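Q: Give me a model of this one.
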Amino acid sequence: MMLNCDLGESYGAWNMPVDEQIMVHIDMANIACGFHGGDPLTLQKAIKLAIAHNVAIGAHPSYPDLVGFGRRSLAMADDELIACLHYQIAALDGMARAQGGEVEYIKPHGALYNDMMQKPALRRTVMQAIASCSVANVPLMIQAHPDHQQLSREAAEFGLVLLFEAFADRKYTPDGYLMPRREPGAVLNEEQAYEQATRLMDDGIIIASDYSVLHMPVDTLCVHGDSPGAVAMAESLRVALTKRKLTKVRPGINA
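A: Residues are numbered from 1 along each chain as shown. Below is the predicted model:
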C-alpha cells in the first residue's frame, strides 16, 4: 500500500507550505496542473522535490476553477473537458521532463474526481481523455469503492489500469462515496484519520457514517496537504505502513 498527497497547490500569494515537509513521508505526489492551484514556479518546485525524494509524479488535473479551488462542479461538453485534461497533463509532464522526470499516473482533483465517481457518462469521458492523452500507458487513480469490479471493467474498455485510492482523513457515506465537506464530521482529525487508515491496513474495511462496513481493495492512501496536521498525519501513517511491511520505497507503477 502506498501513501499519496495532493501537492503543488500554492498560487501567487496563497501559500500552502507543506510540500517540502511531507514529501519525505510519501510515495506518490499528486501535483496540481494550474487549473485549481499551482502557479508555474510552484509546480516546478514540487516536481524538483518529488524527483529528489524518489516520489512518483502524478498529474492532478481539475475543472478550470482557480477561484473555487476546483471544488465546484462545472458543466462542460465532452470535447471541452477532454481538451482541458489534455492541456493540463501535457503541461505538467513537459515541466517534469525538463527536470528529468515524467508523469507516472493521473488523479483528477476535487469536484471532477467526485463527479466522475457518481456519473458514469462523465467517468467514461475522463477515461477517454486519459487513454488518449500525450502520456501513454499510465494508470488512472480513482476512489476505492465497493463496486470496484464494475469500475475496472469500464477502465479496461479504454485499456486503462486503475489505482484505487482511499482517504485517511475523510468520512464515507454508506454507499461508498465521500461525505461532502460541508457536512459536520466529513473531515477527520488526526486521531480519527489514523484509526481509519490502520483499520484499512489491517482489515481492508472502512466504517461508514452510519457505522456500516465497507469492503474495498485499496492500492494507496491519501492525506490532503491542506488538512490540519497533514505532515504529522503522513509521518504517522508512514510508520504504520512500515511496521506492517505494506510500504514501497517506489511504487513502480510504470513497470
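
Q: helices and strands around the helix or strand where Asn30 lies, which ones?
A: Secondary structure assignment for Asn30, by DSSP states H and E: strand 28-32. Secondary-structure packing of strand 28-32 (3 or more Cβ pairs under 8 Å, 6 or more residues apart in numbering; DSSP states H and E): strand 2-7, helix 40-52, strand 56-60. C-betas here are computed from N, CA, C, even on glycine.

Q: strands paired with that strand, and their directions?
A: Here strand 28-32 is paired, per DSSP bridges, with strand 2-7 (parallel), strand 56-60 (parallel).

Q: which residues touch it?
A: The contact list for strand 28-32 (Cβ atoms under 8 Å, 6 or more residues apart in numbering) reads 2-9, 23, 38, 42-43, 46-47, 49-50, 55-60, 62, 92, 105, 107, 109, 141, 220, 222, 251.

Q: ditto for stretch 141-152
A: Applying Cβ under 8 Å, 6+ apart, the external contacts of stretch 141-152 come out as 4, 30, 58, 105-108, 113, 116-117, 162-167, 176-178, 214-220.

Q: In PyMOL, select just the buried ones from the residues you listed.
A: In PyMOL, a selection of the buried entries from the contacts of stretch 141-152 looks like this (16 or more other Cβ atoms under 10 Å):
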select buried, resi 4+30+58+105+106+107+108+113+116+117+162+163+164+165+166+167+176+178+214+216+218+219+220
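
Q: so of the contacts of stretch 141-152, which ones are in helices?
A: Residues of the contacts of stretch 141-152 located in helices (DSSP state H): Tyr113, Met116, Met117.

Q: pLDDT and distance to Glu157 added to those residues, as TSV?
A: Formatted as TSV, the ones in helices among the contacts of stretch 141-152 follow (pLDDT from 0 to 100; distance: Cβ to Cβ, whole Å):
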residue	pLDDT	distance to Glu157
Tyr113	96	20
Met116	96	15
Met117	94	17
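
Q: Of those residues, which is the nearest to Lys243?
A: Distance to Lys243, by Cβ to Cβ, is smallest for Tyr113 among the ones in helices among the contacts of stretch 141-152, at 29.9 Å.

Q: what sits against that closest one?
A: If you count contacts by Cβ under 8 Å, 6+ apart, Tyr113 has them with Lys107, Ile142, Gln143.

Q: What about the second one, how many residues nearby?
A: Residues lying near Ile142 (other Cβ atoms under 10 Å) number 24.

Q: bridging residues for it?
A: In this entry, Ile142 is beta-bridged to Phe164, by DSSP bridges.

Q: where in the protein is pLDDT low?
A: 13, 16-17, 225-228, 246-255 (pLDDT under 70).

Q: need the helices for it, in chain order.
A: Going by DSSP H, the chain shows helices at 19-23, 40-52, 78-98, 110-118, 120-131, 148-157, 190-203, 230-243.
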